[in-house]
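Peer 1: Just a sequence and a predicted model for now, questions to come.
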Amino acid sequence: MPLSATSDRGSPLSKAKGTFGFRCIGCGALAPDAAQDFRCPQCKNLLEITDSSWKSSNLPAATLKSIWHARRSSNELLDLSGVWRFRELLPAPESADFVISLREGNTPLYQLPQSSRLTGVSRLYAKHQGMNPTGSFKDAGMTVAATFARQAGYHWVACASTGNTSASMAAYAARGGMRSLVLVPEGKISWSKLSQALDYGALTCQLRTDFDGCLRLLQELVQRAPVYQLNSINPFRIEGQKTLAIELLEQLDWHPPDHIIVPGGNLGNSSAIGKALLEMLDLRLIPHLPKLSVIQTEGANALVRTLREAGGKHLVNVQPETRATAIRIGNPASWEKTVRVIQATGGACEEVSEVEMAQAKAEIGAEGIGCEPASAVTLAGLKKLLRQGFVKPEETVVLVLTGNLLKDPDFTMEFHRGELFRDTVNERDNAALKPLRHPPVVLDATLEAVIQTLERADKADPTQANV
Ligand code: F0G
């Protein structure tokens, strides 16, 4: 695949090399390089990437929009990626040869007609990041961070994960000729995600701890061994994940929605979306900011409590427990970045119950789209924000669906079999979910048995056929 590009689409890596640097989000110190732990050497806070070429004085918005649009008809590797297509707003590697791409991004923006009817929000969309190559939003960040790992000459890359990061990292490492080390909490991630890491050849360690314990250990490991960490502490991940928001705005013809609602775990994704929104405003790509809201489950609500109990000034840790294993995190690394973007955009932070999440997941499934449990907190959260009057039915709302339905088949099967909340405090509420359940039916292999079952189903819910 050729990597050169014609002039109307800009050069493959059209910026001057080395224009980006690192800024500490705490003390504001600037540095051309980052240490292994991606923390400020002075105050130990997280770093973010800045680039002087991203200022509006350098890049006219109309030019950028037309370059990005033109690239959609190109067959060149960088243009086929829904991340690198927006490379003017990304840190540039030294050469396009370092880029590891699986054609990530390019994810659909769906309307949600049934959920619109349920909620009364007529302009309700889902930006489905589960349609990425490894089935989650992580790929958008991984293509950038893995590229820089390769450029830096690393043999090993590593991450702590609740499953999706590890699947994504393992895939990009494999494509880029690097080895990958995965640290996951034993028994607390979906087999589907774990199996991806195995197939992509990762050295996979199931540690007897939770995600936060895995991440702590990784921080120590990177100080001792020459491994490159690919968690979202790595600011290159954040840069790639910005493109979710850029692509979304392009899909909305650059008319900002009123609200973007995203699940919150380790809080890298919300930080990335917020950073992109602020940069797009600065570049005049958009006239005003959407409100960015973050939703967690009641059992893993560190950010909710940080904002409510500490006014966003310090982190309130929790002991996380939720069936949405992707966001079973009690000590989110990027909490401070997310607090800032929620405040800058005027967004909200809410929590939803396990039952509300399960219901919303089934409703998104009934749209013919589906998502994994963590993603469904967005629809459940929207309902809550509507009840509070924070979101109004006449506003435009985008839910970010972060992972594919196939990521957690156990949850889906248990839901439809009515087993999800068995022997838990939620057992009583479970009855309310019955109309959404479609358990498989075991029958004798006769035509009569199938026809009877069909007729019974048609009588039980005659409206379903025309939905
Ligand atoms: N949704 C899904 C499906 C996820 O996998 C994650 C995080 C989130 C939401 C939360 O995003 O951490 O940026 O706030 N998964 C990480 C992992 C932690 O290891 O796969 P976040």
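Peer 2: Nice, thanks for sending it over. Numbers count the residues shown, from 1 in each chain.
Peer 1: State the distance from residue 395 to the ligand.
Peer 2: Noted for residue 395: a distance of 23 Å to the ligand, by C-beta to the nearest ligand atom, to the nearest Å. In this view, the C-beta of every residue, glycine as well, is placed from N, C-alpha and C.
Peer 1: Check what pLDDT that residue gets.
Peer 2: Reported pLDDT at residue 395 in the predicted model: 98.
Peer 1: For it, which non-adjacent residue is spatially closest?
Peer 2: residue 258 (3.7 Å; C-beta to C-beta, 6 or more residues apart in numbering).
Peer 1: what's the one you found in contact with, if anything?
Peer 2: Neighbouring residues of residue 258 by C-beta atoms under 8 Å, 6 or more residues apart in numbering: 290-291, 391-392, 395-397.
Peer 1: Low-confidence regions, the stretch 301-450 of the chain specifically.
Peer 2: Within the stretch 301-450 of the chain, no stretch has pLDDT under 70.
Peer 1: Spell out which parts of it neighbour the ligand.
Peer 2: Within the stretch 301-450 of the chain, the residues that sit near the ligand (C-beta under 6 Å from any ligand atom) are 326-327, 372, 374-375, 402-403.
Peer 1: Compare those and tell me which has the most neighbours.
Peer 2: residue 375 (35 neighbours; other C-beta atoms under 10 Å).
Peer 1: which of the contacts of residue 258 lies closest to residue 346?
Peer 2: Ranked by distance to residue 346 (C-beta to C-beta), the contacts of residue 258 are led by residue 291 at 5.0 Å.
Peer 1: just checking, that closest one touches residue 349?
Peer 2: No. Counting by C-beta atoms under 8 Å, residue 291 does not reach residue 349; the two are 11.3 Å apart.
Peer 1: Residue in the stretch 1-150 of the chain with the shortest distance to the ligand?
Peer 2: residue 136 (5.3 Å; C-beta to the nearest ligand atom).
Peer 1: Now that residue: closest residue in space, sequence neighbours ignored.
Peer 2: residue 164 (3.9 Å).
Peer 1: buried residues in stretch 383-392?
Peer 2: Within stretch 383-392, the residues scored as buried using 16 or more other C-beta atoms under 10 Å are 383-386, 390-391.
Peer 1: Apologies, that question was intended for stretch 313-322.
Peer 2: Of the residues in stretch 313-322, those buried (16+ other C-beta under 10 Å) are 315-316, 318, 320, 322.
Peer 1: For those residues, please prepare JSON lines with the additional fields secondary structure.
Peer 2: Listed next are the buried residues of stretch 313-322 as JSON lines, based on DSSP: H, G, I helix; E, B strand; the rest coil:
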{"residue": "315", "secondary structure": "coil"}
{"residue": "316", "secondary structure": "coil"}
{"residue": "318", "secondary structure": "coil"}
{"residue": "320", "secondary structure": "coil"}
{"residue": "322", "secondary structure": "coil"}
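Peer 1: where do the helices sit along the stretch 201-350 of the chain?
Peer 2: 211-224, 235-251, 268-282, 302-310, 335-345 (DSSP state H, counting those that start in this stretch).
Peer 1: can I get those in TSV with distance to residue 356 and mean neighbour count?
Peer 2: Converted to TSV, the helices of the stretch 201-350 of the chain look like this (distance: least, C-beta to C-beta, whole Å; neighbours: other C-beta atoms under 10 Å):
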stretch	distance to residue 356	mean neighbour count
helix 211-224	22	18
helix 235-251	24	25
helix 268-282	20	25
helix 302-310	14	19
helix 335-345	21	21
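Peer 1: Please convert those to TSV, extending it with distance to residue 86.
Peer 2: Listed next are those as TSV, based on distance: least, C-beta to C-beta, whole Å:
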stretch	distance to residue 86
helix 211-224	29
helix 235-251	5
helix 268-282	9
helix 302-310	27
helix 335-345	19
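Peer 1: Please name whichever of those is nearest to residue 104.
Peer 2: Taking the helices of the stretch 201-350 of the chain one by one with C-beta to C-beta, helix 235-251 is closest: 8.0 Å.
Peer 1: Where does pLDDT dip in the stretch 151-300 of the chain?
Peer 2: Ranges of the stretch 151-300 of the chain meeting pLDDT under 70: none found.
Peer 1: what about the closest residue to residue 191 other than its chain neighbours, neighbour count?
Peer 2: Once flanking residues are discounted, residue 191 sits nearest to residue 410: 7.2 Å by C-beta to C-beta, 6+ apart. By the measure other C-beta under 10 Å, the count of residues near residue 410 is 14.
Peer 1: after the helix or strand hosting residue 410 comes which helix or strand?
Peer 2: In this assignment (DSSP states H and E), residue 410 forms part of helix 409-416. The helix or strand immediately downstream of helix 409-416 is helix 447-460, counting by DSSP H and E.
Peer 1: follow-up on the earlier one: which of the buried residues of stretch 383-392 fall within helices?
Peer 2: Using DSSP state H, the members of those that fall within helices are 383-386.
Peer 1: ok, these vs residue 184, which is closest?
Peer 2: Distances from residue 184 to those, taken by C-beta to C-beta, are shortest for residue 384, at 30.6 Å.
Peer 1: Could you tell me which residues make contact with the closest one?
Peer 2: Residue 384 neighbours (C-beta under 8 Å, 6+ apart): 350, 352, 356.
Peer 1: can you redo those residues as JSON lines with distance to residue 213 and neighbour count?
Peer 2: Converted to JSON lines, the contacts of residue 384 look like this (distance: C-beta to C-beta, whole Å; neighbours: other C-beta atoms under 10 Å):
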{"residue": "350", "distance to residue 213": "27", "neighbour count": "24"}
{"residue": "352", "distance to residue 213": "25", "neighbour count": "26"}
{"residue": "356", "distance to residue 213": "28", "neighbour count": "21"}
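Peer 1: Just those residues: which are in strands?
Peer 2: 350, 352 (DSSP state E).
Peer 1: Let me know the closest of the contacts of residue 384 to residue 252.
Peer 2: Once C-beta to C-beta is applied, the member of these that ends up nearest residue 252 is residue 350, at 23.5 Å.
Peer 1: dump the residue contacts of the closest one.
Peer 2: Contacts of residue 350 by C-beta under 8 Å, 6+ apart are 293-296, 304, 381, 384-385.
Peer 1: close enough to count as contact, residue 235 and residue 22?
Peer 2: Yes. With contact defined as C-beta under 8 Å, residue 235 counts as touching residue 22 (6.7 Å).
Peer 1: residues shared between the contacts of these two?
Peer 2: Common neighbours of residue 235 and residue 22 (C-beta under 8 Å, 6+ apart) are 34, 47-49.
Peer 1: Tell me the most packed of those residues, by neighbour count.
Peer 2: Highest neighbour count within these, by other C-beta under 10 Å: residue 47, with 25 neighbours.
Peer 1: Around the ligand, pick out the residues from the stretch 1-150 of the chain.
Peer 2: Counting by C-beta under 6 Å from any ligand atom, the stretch 1-150 of the chain sits next to the ligand at residue 136.
Peer 1: re the thing from before, which phi and psi does the residue nearest to residue 136 have?
Peer 2: phi -70, psi -40 (degrees, to the nearest 10).
Peer 1: and if you look at residue 170?
Peer 2: phi -60, psi -40.
Peer 1: What about it, how many residues nearby?
Peer 2: Using other C-beta under 10 Å as the criterion, residue 170 is surrounded by 30 other residues.
Peer 1: No further queries at this time; thank you.
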